[in-house]
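[1] With the sequence up front, the predicted model follows.
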Amino acid sequence: MVRLLWWAVHGASAVLLLAAVGGDGRPVVAVAGVLLAALYAAGPVFGSGLSRTGERVWLVTLTCAWAGLATLSAPFAWLVFPLFFAFLYVLPLWAATFAVTVLACAAGAAASWHAGGVSAPLLAGPAAGAVLATLMWAGPVTGSRSRSRARGGPARPPGA
């Protein structure tokens, strides 16, 4: 179940990124989007070899890159959804919940700024995504981690 969740998150990330890069049309934004994709992919590729500090540095770098792109181009604001899961993966649940809330507010603000005004869907979309991501994570993944720790195995979900 956890492995399927990871594949779904990575697949959705790729689709959102392709839509964002293709939807803007500016070469500088496309190049920055490709760099964001490489940075995002570096997490799962090197994640098992990174220390907790290394994971957090990756997360901060990824978040800053996302924030910059979300400021430049509206479609990048929706790439906050994979970030929710990255925060939930790297941080303890209490800290990740706070960070996901802040990210949802930032995504809603960026989308509203690009749209020229605040609207309910632009605020409700990231908020609903934050709630769903947190609930999806808190159930199977934290349960998987607890069962794994009880058996003396790794705390990380398989395939992550």
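    Sure, I can see it.
[2] where does this structure have low pLDDT?
    Scanning the chain for pLDDT under 70 picks out 1-2, 46-48, 140-160.
[3] Which secondary structure state does the residue nearest the centre of it sit in?
    The centre of the chain sits closest to Leu83, judged by C-alpha atoms, centre = their mean, with a distance of 1.2 Å. Assigned with DSSP: H, G, I helix; E, B strand; the rest coil, Leu83 falls in the helix class.
[4] Tell me how far Gly139 lies from Leu62.
    24 Å (C-beta to C-beta, to the nearest Å). (Glycine included, C-beta is placed from N, CA and C.)
[5] Likewise for Ala14?
    Taking C-beta to C-beta, one finds Ala14 at 15 Å from Leu62.
[6] Neighbour count: the two, which is higher?
    Leu62 (21 against 14; other C-beta atoms under 10 Å).
[7] Touching, the more buried one and Ala41? I think so.
    No - if you go by C-beta atoms under 8 Å, Leu62 and Ala41 don't touch, sitting 10.4 Å apart.
[8] show me the contacts for the closest residue to Arg56 other than its chain neighbours.
    Of all residues not flanking Arg56 in the chain, Val90 sits nearest, at 6.2 Å (C-beta to C-beta, 6 or more residues apart in numbering). The contact partners of Val90, by C-beta atoms under 8 Å, 6 or more residues apart in numbering, come to Arg52, Glu55, Arg56, Trp58, Leu59, Ala96.
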